[in-house]
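J.: Quick check, what structure comes out for this input:
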Amino acid sequence: MIYVVDNFLKNPYEVRSKSLGLKYRKGDYYPGWRSFEVDEQIKKYILSKSINLTEETSLRIQKSVEGYDNCSYQYVNKKFQTGNFHTDIPVKHTAILFLTPNPPKNSGLEICDYDFNNIESQSILRNIKYKFINKPDHIINSIKYKIAAHKFNKLFTPMIKVNNKFNRFVLFDGKLYHKQQNFFGSAISDSRLTIATFLI
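T.: Coordinates of the predicted model:
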């Protein structure tokens, strides 16, 4: 199931304002930068709403590889170009909260409605020869990344495209293949900003 809830937070501008002043670290396995300094009340609210939507009372927030609750602010600028289809297994549900006012078009999410985790699909994916560049934001790798990402993403047909809208919350099955659409901006103040939460 895919759930979309608008006007999710009661104080989204306050939350966004606080996020702009936090310290962020660049990711090794995800695009852009993340800060795990999300207020406990926000994490509890996201978890509570997710339980209400899914009716799965045993849900909890996954621990990140760094040992934090895997609920973080993430901003990604235009140097990273676009996302690539991926799955968040073993996560049960992935939650994204958009926090950029007046974002450009085609900067939301694309989600596939089929399970790519069967034997046939895994065989196809294993045979893909496209190697993604570790640093697509580096100018030398930019064109190579764009070509590889385009070829890879063409293998997927998304069921739904969720527009990036300020204070919109999206919750979906973690095993579904999905991708971020186009990244934008040059600094945290004008880049694609979200809260990403992984639930198990």
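J.: From here on, just use CA atoms for contacts and neighbour counts.
T.: Fine.
J.: can you give me the strands for the chain?
T.: Along the chain, the segments classed as strands by DSSP state E run 2-5, 25-26, 33-35, 71-76, 93-98, 109-111, 160-162, 169-173, 178-180, 192-199.
J.: what's the span of stretch 84-98 from first residue to last?
T.: 18 Å (CA to CA, to the nearest Å).
J.: ditto for stretch 153-167
T.: So stretch 153-167: terminal residues 27 Å apart, CA to CA.
J.: Now do the buried residues in that stretch.
T.: 153, 158, 161-167 (16 or more other CA atoms under 10 Å).
J.: Contacts for it, please.
T.: Residues from elsewhere that reach stretch 153-167, judged by CA atoms under 8 Å, 6 or more residues apart in numbering: 6-9, 12, 84-85, 97-113, 178.
J.: before we move on, the earlier item: any idea which of the buried residues of stretch 153-167 is closest to K18?
T.: N167 (14.7 Å; CA to CA).
J.: picking up where we left off before, please convert the buried members of the contacts of stretch 153-167 into ChimeraX selection syntax.
T.: Typed into ChimeraX, the next command selects the buried ones out of the contacts of stretch 153-167 (criterion: 16+ other CA under 10 Å):
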select :8,9,12,84,85,97,98,99,100,101,103,104,107,108,109,110,111,112,113,178
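J.: Just the ones in helices from the contacts of stretch 153-167, please.
T.: P12 (DSSP state H).
J.: Give the residue spans of the protein that score low on pLDDT.
T.: 114-140 (pLDDT under 70).
J.: Find the pair from the buried residues of stretch 153-167 with maximum spatial separation.
T.: Applying CA to CA across the buried residues of stretch 153-167, the maximum distance is between N153 and N167, 27.0 Å.
J.: which other helices and strands contact the biggest helix by length in the chain?
T.: The residue-count maximum for a helix in the chain (DSSP H) belongs to helix 40-54. Applying 3 or more CA pairs under 8 Å, 6 or more residues apart in numbering; DSSP states H and E, we find helix 40-54 packed against no helix or strand.
J.: Now find how far off-centre that helix is within its chain.
T.: 17 Å (CA atoms, centre = their mean, to the nearest Å).
J.: Same check on stretch 151-164?
T.: In terms of CA atoms, centre = their mean, the centre of stretch 151-164 is found 13 Å from the chain centre.
J.: Start and end of it, how far apart?
T.: End-to-end distance for stretch 151-164, by CA to CA: 24 Å.
J.: And for stretch 20-37?
T.: Criterion CA to CA; first-to-last residue distance in stretch 20-37 is 11 Å.
J.: Equivalent analysis for stretch 173-191, please.
T.: Where stretch 173-191 begins and where it ends lie 26 Å apart, using CA to CA.
J.: sorry, back to before: of all the strands of the chain, which one is nearest K18?
T.: K18 lies closest to strand 71-76 among the strands of the chain, at 10.6 Å (CA to CA).
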